[in-house]
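Quick one, what's the 3D model for this:
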Amino acid sequence: MADDSLDDFSVRDVTVGSTTHRVYTQGSGPAVIVIAEMPGISPKVADFARKVAGRGLTAVMPSLFGVDGRDPRPSNLGAVGAAQNMVGTIVRACISREFTVLATGKSSPVTDWLRGLAAEEHERCGGPGVGAVGMCFTGGFALAMAADDRLLAPVLSQPSLPFGVIPARNRSIDIGDDDLARVKSRCAAGLQVMGLRFEGDPLSPRGRFDFLREQLGDAFLAVELPDSAANPDSMLPKPHSVLTEDLVDEPGQPTHDTREKVLDFFVEKLLTTST
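As a prediction, this is how the structure comes out:
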């Protein structure tokens, strides 16, 4: 796979408050915010967004870090280049004031910008509300966004913050107490939250999903895949990226079927209830 030009997406800059990020959009219908994993909007993240657009929805990809469209695989950048690209992007994100990567009980400041983007896209695209999917570093962002009533279909794919091996961090997720209380109230009123992970993923540990089950109850729709379901040609050392790098895009494969469940979830919440 080579770099993706992303030239089939419309591009604009979106400012919320004093913060501006580039945003790529494709499709029509209610909006789904596709928040890229590390190290940014890769060709496989863009391909997932295209699948969203193919279901009659508007895929909205904000650029929060990395080089847009870059293929991060060693086959494209070389082993050293791929490592430098990944590590450099992570380090820059970790020192950015937009992201909270270690503390428990806090939502990253960027979630305010994302909620503003969701509000703008809801007004622009119409429908009953918006969906959102966060991946890895951004997995929990979709949960924090769900403190806003506009977010009707939050998906957390391998949520990986807060970083660390301390048990308290494993049994938590990057959301502030007030935001979590609001999400729990919405779940009690009917909101559902989907979560995806591989069973052996140390970056998205089982304790994090146990915590979400305790907090959200039956409203948390967990999909935990065996490590054997991951793409054997993945560039990652352990199964991790359910919707992108570790996806086996063949009907009947667990990761393919999980992606289809996610797309069905967006359609159910945003199209079948749309008037």
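
Helix, strand or coil: sort out Asp148 for me.
Secondary structure assignment for Asp148 (DSSP: H, G, I helix; E, B strand; the rest coil): coil.

and the closest residue to it other than its chain neighbours, how many residues sit next to it?
Residue nearest to Asp148 in three dimensions, not counting chain neighbours: Arg115, with 4.9 Å by C-beta to C-beta, 6 or more residues apart in numbering. For glycine as for every other residue, the C-beta is placed from the backbone atoms N, C-alpha and C. The tally of other residues near Arg115 (other C-beta atoms under 10 Å) stands at 24.

and the helix or strand harbouring Arg115, C-alpha only, in CSV?
Here Arg115 sits within helix 110-125, counting by DSSP states H and E. Extracted in CSV, the C-alpha atoms of helix 110-125 (Å, rounded to 0.1, in the frame of the first residue of the first chain):
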residue,chain,number,x,y,z
VAL,A,110,-9.4,18.2,22.2
THR,A,111,-12.8,16.6,22.9
ASP,A,112,-14.2,20.1,23.3
TRP,A,113,-13.1,20.8,19.7
LEU,A,114,-14.5,17.5,18.6
ARG,A,115,-17.9,18.2,20.2
GLY,A,116,-17.9,21.6,18.4
LEU,A,117,-17.1,19.8,15.1
ALA,A,118,-19.9,17.3,15.7
ALA,A,119,-22.4,20.2,16.3
GLU,A,120,-21.3,21.9,13.1
GLU,A,121,-21.6,18.7,11.1
HIS,A,122,-25.0,17.9,12.6
GLU,A,123,-26.3,21.3,11.4
ARG,A,124,-24.6,20.9,8.0
CYS,A,125,-25.5,17.2,7.3
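
residues in contact with that helix?
Helix 110-125 is contacted by residues 14, 16-17, 19, 21, 23, 28-31, 33, 35, 58, 60, 62, 64, 98-99, 129-130, 132, 141, 144-145, 147-148, 150-151, 179 when judged by C-beta atoms under 8 Å, 6 or more residues apart in numbering.

Look up the closest residue to Gln158, ignoring the ones flanking it.
Once flanking residues are discounted, Gln158 sits nearest to Ser204: 4.1 Å by C-beta to C-beta, 6+ apart.

Would you confirm that the one you found contacts Pro162?
No. Ser204 is beyond contact range of Pro162, at 11.6 Å (criterion: C-beta atoms under 8 Å).

Neighbour count: the two, which is higher?
Counted by other C-beta under 10 Å, Ser204 and Pro162 do not tie: Ser204 has more neighbours, with 25 against 21.

what's near enough to touch that one?
Neighbours of Ser204 in contact, by C-beta under 8 Å, 6+ apart: 136, 139, 158-160, 197-198, 240.

Am I right that Leu196 is in a helix?
No. Judged by three-state DSSP, Leu196 forms no part of a helix; its state is strand.

ok, now which ones touch it?
Contacts of Leu196 (C-beta under 8 Å, 6+ apart): 155-158, 223-225, 242-243, 258, 262.

can you redo the residues you listed as TSV with secondary structure and distance to Val52?
Supplementary listing: the contacts of Leu196 in TSV, determined by DSSP: H, G, I helix; E, B strand; the rest coil; distance: C-beta to C-beta, whole Å:
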residue	secondary structure	distance to Val52
Val155	strand	11
Leu156	strand	16
Ser157	strand	13
Gln158	coil	18
Val223	strand	17
Glu224	strand	23
Leu225	strand	20
Val242	coil	15
Leu243	coil	10
Thr258	helix	15
Val262	helix	9
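
Listing request: residues of the stretch 151-275 of the chain with sub-threshold pLDDT.
164-166, 168, 273-275 (pLDDT under 70).

Could I get the full set of strands for it?
In the stretch 151-275 of the chain, the strands defined using DSSP state E, counting those that start in this stretch lie at 151-157, 193-198, 220-225.

and for the first one, what are the contacting residues?
Outside of strand 151-157, the residues within contact range by C-beta under 8 Å, 6+ apart are 32, 37, 115, 118, 128-136, 139-140, 142-143, 145-146, 173, 191-197, 212, 241-243, 262, 265-266, 268-270, 273.

Restricted to buried residues, select the residues you listed in ChimeraX.
To isolate the buried ones among the contacts of strand 151-157 in ChimeraX, judged by 16 or more other C-beta atoms under 10 Å, type:
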select :32,37,115,118,128,129,130,131,132,133,134,135,136,139,140,142,143,145,146,173,191,192,193,194,195,196,197,212,241,242,243,262,265,266,269,270
